Structures are given as C-alpha cells and as structure tokens.
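In: no sequence for this one, just the structure:
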C-alpha cells in the first residue's frame, strides 16, 4: 500500500488562481484519513507554501526550495542544504559580469538588488501562468504582491556572505530570451562547479541549488526518517524542477507494478483532473495504469 504521496505545488496542486481548491483539499484530507503521509515538495519557500495549505486547514510536512529545506508538519526545520559561500560568491560574479538579473533565496528571506526587475519578473511569471492576463495588469498585480511578500533589497549580494547567520539556499537567474541564453549559462556554471544542480521552473529562469538539494533526494531523506521504503512512495508533478522526484520513484517501479500500483510521474495541468484521479485512486485503494491514462 502507498504510504507517502509527495505532490508538487505550482502547476499541480494549485489551480489557476494559485490556491489549493476545495476539491484538491478534500482529496488530501481523504488520503490523510487513510493513514497516508501527504507531503508537499516545492520550489517555493516555506513562508510562501505553508499559508496556501493553512488556508484550507491542511497540515503537512513541506520540502521547500527544490529540496534545500525539509520541515515537519509543525513547521520545524528538519534539514537544510545550502550552497557554500565560496561557490555562491563565484556564481554571483559570473551572473553579474554577464549582465543577468538574479535573486538570492536565503534561509531568512528572498533578496533582490533591483525592485523594478523584481516586479518585471513576477509579472512575466503571472502572464505565463495565466495567458489571458495582460502584462500591464500583471505588473499591477506583481506590485501589489511585493507588499505582501518577504522581500529584502541589498546593494550587493556579497553582503549576505559576510553574515554568518545567513545561508544561500538558492540562486535564481532570469532571461526572457529563455533557453537559448540560459542553457549555455547553465553549462558554464556546472562546468565550473560540480557541487551545484541547476533546474528550471519556467522557460525564462534557471534555479541553482546545492547538488544535494533535490526534491527526490529530500523525499527519500524524509521517507528514511519514517523508516519507509521508496517502494511505497508515489509522486505527482508537472514541474520541470521535479525530475529527481520522478527518478526517485522509478527506483521502486518494479515493486509498484507487481503490487498493481503505478507511480504518477506526469499529470495533466488541470488541477481538477489531478484531484479526480487522486480521489479515484484513494477510493479504489489502487494507483492503476488506467488511472494515469484516462484522467
């Protein structure tokens, strides 16, 4: 029987309004009532992800920042995998020298060195998620959101490295030119720093983490804390950042198939389809191949 379900958030658990729908919340509660450990695994920070669950009265462990941080259901941090200061400083230099706008996610908040660029990037994200939203409206929405989010502005990111209480958890670089610019940049950074892992949550960004800060690795660490084998773990995701989640469940695919279970590595972007399949699987007590194909 499946013991752990790890779900991505953006494009999977959240709907177009960027909230957890009542339908999805009911599916999560049904799983928890059956004794299944439901975990959210996301690229978001804890302070961004936890309120979205709390709004539906859901309490669950959180894997945040693509696996750089792991929290239990009470919000206590269980694990942290930052980028070392020397590597972070070198990456800052590379991005700055090549003229990229980038942000730093620390253990105590998000840091930016350009408010106008910050608003612009959030606006682009909103229009990508909701194509019917005009860029002008997206800028207004982004400006309003900035007042609610924990944003810190600094003149020089190297200031963060001089403070022993601060840790660089993730570096996000942006380019509206997309993969044509970001892929060579990623290759260059990885060639210099084998301790890093680079993923992407959209065509216009790259997310730079410690190589051990991956969702699949974090899910496995959490499963180990529960003395639970990966053969009874399944995931739901549409994120480009979640390849490690898919790989983690593939280790157990032969066992899952022999027990009539199937790990769900890709799902429709429709949040309703996700919830309908999730609910059917729970009712039937089975993740069958048909449940993947007919949603």
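Out: Arrived safely. Everything numeric here is computed off the predicted structure, so don't read it as measured data.

In: got the contact list for the closest residue to residue 153 other than its chain neighbours?
Out: Spatial nearest neighbour of residue 153, excluding adjacent residues (C-beta to C-beta, 6 or more residues apart in numbering): residue 112 at 5.7 Å. C-beta here means a position set from N, CA and C on the backbone, and glycine is covered the same way. Counting by C-beta atoms under 8 Å, 6 or more residues apart in numbering, residue 112 makes contact with 103, 118, 151-154.

In: Most neighbours of all these, which one?
Out: Among the contacts of residue 112, residue 118 has the most neighbours (other C-beta atoms under 10 Å), with 22 neighbours.

In: who touches residue 183 in this structure?
Out: Counting by C-beta under 8 Å, 6+ apart, residue 183 has no contacts.

In: is it true that residue 196 touches residue 186?
Out: No: taking contacts as C-beta atoms under 8 Å, residue 196 lies outside contact range of residue 186: 9.4 Å.

In: Name the spans of this protein whose pLDDT lies under the cut-off.
Out: 1, 146-150, 235-295 (pLDDT under 70).

In: what are the ranges of the helices in it?
Out: Chain-ordered helices for the chain, with DSSP state H as the definition, fall at 22-33, 46-54, 85-97, 115-129, 135-146, 158-161, 179-192, 215-225, 243-250, 253-258, 271-284, 289-293.

In: and these as TSV, adding distance to residue 69?
Out: As requested, those are exported to TSV (distance: least, C-beta to C-beta, whole Å):
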stretch	distance to residue 69
helix 22-33	21
helix 46-54	7
helix 85-97	16
helix 115-129	21
helix 135-146	22
helix 158-161	17
helix 179-192	22
helix 215-225	8
helix 243-250	15
helix 253-258	28
helix 271-284	24
helix 289-293	30
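
In: most neighbours per residue, which of the ones you listed?
Out: helix 215-225 (a mean of 21; mean count of other C-beta atoms under 10 Å).

In: If you count contacts, what does that one end up packed against?
Out: Judged by 3 or more C-beta pairs under 8 Å, 6 or more residues apart in numbering; DSSP states H and E, the packing partners of helix 215-225 are strand 4-7, strand 37-41, strand 62-64, strand 69-71, strand 77-80, strand 233-236, helix 243-250.

In: picking up where we left off before, pull the most distant pair out of the contacts of residue 112.
Out: With C-beta to C-beta as the measure, no two of the contacts of residue 112 lie farther apart than 118 and 154, at 12.0 Å.

In: Run a quick check on residue 232 versus residue 6, I expect a contact.
Out: No: applying C-beta under 8 Å as the test, residue 232 and residue 6 come out as separate, 11.8 Å apart.

In: which one of the two has more residues nearby?
Out: The residue with more neighbours, out of residue 232 and residue 6, is residue 6; 28 against 18, by other C-beta under 10 Å.

In: ok, that one to residue 229 distance?
Out: Plainly put, residue 6 is 14 Å away from residue 229 if you go by C-beta to C-beta, to the nearest Å.

In: Thanks again, I'm all set now.
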